[in-house]
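Visitor: need a 3D model of the sequence below.
(2 chains)
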Amino acid sequence: MKWRGQHDDKHAAANGLSRRWLLRLGLPGMAAAMTSLLGRAGRAAPDASGGFPSISAAGGAFRPGRPAGVPYGAPSPHESGVVRRWLKWMLPSRLSNASFTPLAALEGIITPNGLHFERHHAGVPDIDPATFRLRVHGLVDRPLAFSLEDLKRLPRISRTHFLECAGNGAVSWRRPQVNAVQFTHGLLSCCEWTGVRLQDVLALCGVREGAAWLLAEGADGVAYARSVPREMWDEALLVFAQNGEALRPEQGYPLRLLIPGTEGALNVKWLHRLELGDAPWLTREETARYADLQDDGRARLFTLVQEVNSVITTPSPENGLRRHGQQQISGIAWSGHGRIRAVDVSLDGGVNWRPARLEEPVLPRCLTRFRLPFAWRGEELLLQSRAVDEAGNVQPTYEENLKVKSARQVYHNNSITTWRVMPTGEVRHVRLA
Amino acid sequence: MCAWREKLRHARAALAAFSRPAVAALVALMAMAPVHADDWLKDDIGKPLTAAEIAIIDRDARPDGAGLPPGSGTVAAGEEAYLEHCAACHGEFGEGLGWVPALLGGEGTLATETPRKSIGSFWPHAPGVFDHVWRAMPEGHAFSLAPKQVYALTAFLLHINGLVADDFVASAQSLPRVRMPNRDGFVMPPHPRAQGMRCMTKCRNKPPRIAAQAPRKTPGVMAGEREEP
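Guide: Numbering: from 1, shown residues only, chains lettered A, B, ... in the order given. Predicted coordinates for the structure are as follows:
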């Protein structure tokens, strides 16, 4: 096997010689320059160990790497499989579709910006921050337009929160259809968001009596619009940064609404207009789409808060077990109702449970990492996780969920997920009866 | 404000042993302290919007018709506009093509195993049809249609759903009065919340049985434009 920088002996000998020659001539600076040139061209020094990179590294063989100065860093080429993916058949068009976060490959609770799931209804617009304006009107004393610079002069705050599409888990309501945690739960990500309070912006405009709802509209190709009830205004942020850098275009650059713990589609991206009114607009998106149809044919409006949920990311269909012996269960839990208080794990399909260890920090409306060591001797396992939040909500099984919800509602599936670990170590997504 | 007062009280207590003039000087200093950290110059941020500017951006329609623009359109004009701007994606009869949704049908299916949601079977109010076509269609070219075309298309869509006669004229006055079959089919919060049980041992009556298993390979997985093998 060749690794990067390895090359044949003829070149190696030539390189070694020329370096020695330069050194003998008392030109160490030139030698260094040449070394870096060689490094950039991927022609590293010969490997003294005869082809064992690990030994050569330990032995201190001189192999210059890539010089510093890459303008924007990217993951190692060995991680090229850690990417967002989408399902061709899931949504109506390429413009109106979704890509999923590779949860099984991530650690901790923060989602790297380039891997944050995307859901958009008309593609990703390209907005110039210099001409961008947020316009606020309707039931206010002073309708105002804000530039990005204006908004950044208000008090800023940073908060770490998950963001989850209402359709996360939709493919699994009726039966397990997808065999990857990327597709069962990957419409979920978590970032540190920075922005200003919605209420600070509204205070500048003077909210009029009777204002009970606001319409948040995005500047994308469908002017995506959702009504937000007044109870949610206090917690809402207008954010312009995620994980320390400007919002990614897919996440609403330059400005998006963020209402912690609510369904992703309420957190309108490319936010350019807020209209205050005395009643909800009942747009197509909140009636014909993001409303939950029940078995009796009636649909629930404004099911906005994402309920307590969890999933094991290792082992999972992507992360099968490769050998018997010591193993580590790792997963994530989250709730739109507050902090995660506990996560229990079962290895036997829900007969017996043991509490997992919660990794710090445990923040409200934020992903929480849980871990549990166990020993595997090759027996078949039925792995489940069950989260409890600080409001006392316990994550339901499918049966418990279907007591008050419908498998036809598409959205808001927070049921306990089961991974079947086979004796071969392969992991499959199953439904238990 | 409160925090500031609190600080002042502490300072007073701590300095009680000092001479009165010293305390007075300190109190005077603190009273002159700069603006409170949470304060800002409220009139300094944001630029007033004029009525003309608002008229340009205020493009939405509520169930009661508030926000619908002036103008009107007939079913006949709507049919013509539909064939030109919409049929390629939604089908000549609005039946839907591939994954592009149907614009009619599905009456009586909402409470069945295979509900079909359409304007006729599901949508709660007619101004919403105008609002959606105006802001979102044709896909990729939203806001390219004039209000009178959108009125005509709305009239046509309501007509093919059997909700209005063929001489219907859609306008800000007529649309809120159209009776949509499913107008009472939507429920406002609060909604019931599902709950699990935190049992720790011997939690099942019967041993678990695998009822269904996902296929090993998930079909149609795309990474960018490339389908994964």
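Visitor: residue 188: how many residues sit nearby?
Guide: Just so you know, I chose chain A. When neighbours are counted by other CB atoms under 10 Å in any protein chain shown, A:L188 registers 25. The C-beta positions use only the backbone N, C-alpha and C, and glycine is treated the same way.
Visitor: hm, I was asking about chain B
Guide: What B:M188 shows, counting by other CB under 10 Å, is a neighbour count of 10.
Visitor: right, and it touches A:L301 too?
Guide: Yes. Counting by CB atoms under 8 Å, B:M188 does reach A:L301; the two are 5.5 Å apart.
Visitor: A:E263 pairs with what?
Guide: A:E164 (DSSP bridges).
Visitor: residues near it, how many?
Guide: 23.
Visitor: that one against A:E164, yeah?
Guide: Yes. Between A:E263 and A:E164 there is a contact under CB under 8 Å: 7.1 Å.
Visitor: where do the contact lists of the two overlap?
Guide: A:Q306 (CB atoms under 8 Å, 6 or more residues apart in numbering or on different chains).
Visitor: tell me the domain ranges of chain A?
Guide: A:116-171+A:189-300, A:309-430 (automatic domain parsing).
Visitor: may I see these organised as a markdown table, with mean pLDDT added?
Guide: Formatted as a markdown table, the domains of chain A follow (pLDDT from 0 to 100):
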| stretch | mean pLDDT |
| --- | --- |
| domain A:116-171+A:189-300 | 97 |
| domain A:309-430 | 98 |
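Visitor: switch the ones you listed over to TSV; also include distance to A:A68.
Guide: Putting these into TSV (distance: least, CB to CB, whole Å) gives the following:
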stretch	distance to A:A68
domain A:116-171+A:189-300	20
domain A:309-430	32
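Visitor: okay, and the beta partners of the residue most central in space within chain A?
Guide: The centre of chain A sits closest to A:S189, judged by CA atoms, centre = their mean, with a distance of 2.2 Å. Taking DSSP bridges as the rule, A:S189 bridges to A:L163.
Visitor: so what's it up against?
Guide: Taking CB under 8 Å, 6+ apart as the criterion, A:S189 is in contact with A:T101, A:T111, A:L115, A:H116, A:F117, A:F162, A:L163, A:E164.
Visitor: what do you get if the cut-off is 6 Å, keeping everything else the same?
Guide: Contact analysis of A:S189 by CB atoms under 6 Å, 6 or more residues apart in numbering or on different chains lists A:T101, A:T111, A:H116, A:F117, A:L163.
Visitor: then A:L301?
Guide: Neighbouring residues of A:L301 by CB under 6 Å, 6+ apart: A:A291, B:F186, B:M188.
Visitor: quick one, helices of the chain?
Guide: Reading this off chain A. A:9-24, A:28-40, A:53-58, A:148-151, A:181-185, A:198-205, A:284, A:398-402 (DSSP state H).
Visitor: let's do chain B instead
Guide: Remark: helices assigned in chain B by DSSP H are B:2-14, B:20-31, B:51-57, B:75-85, B:87-90, B:127-136, B:147-160.
Visitor: rewinding a little: which of the contacts of A:S189 has the most neighbours?
Guide: Across these, neighbour numbers were computed from other CB under 10 Å; A:L163 holds the maximum, 29 neighbours.
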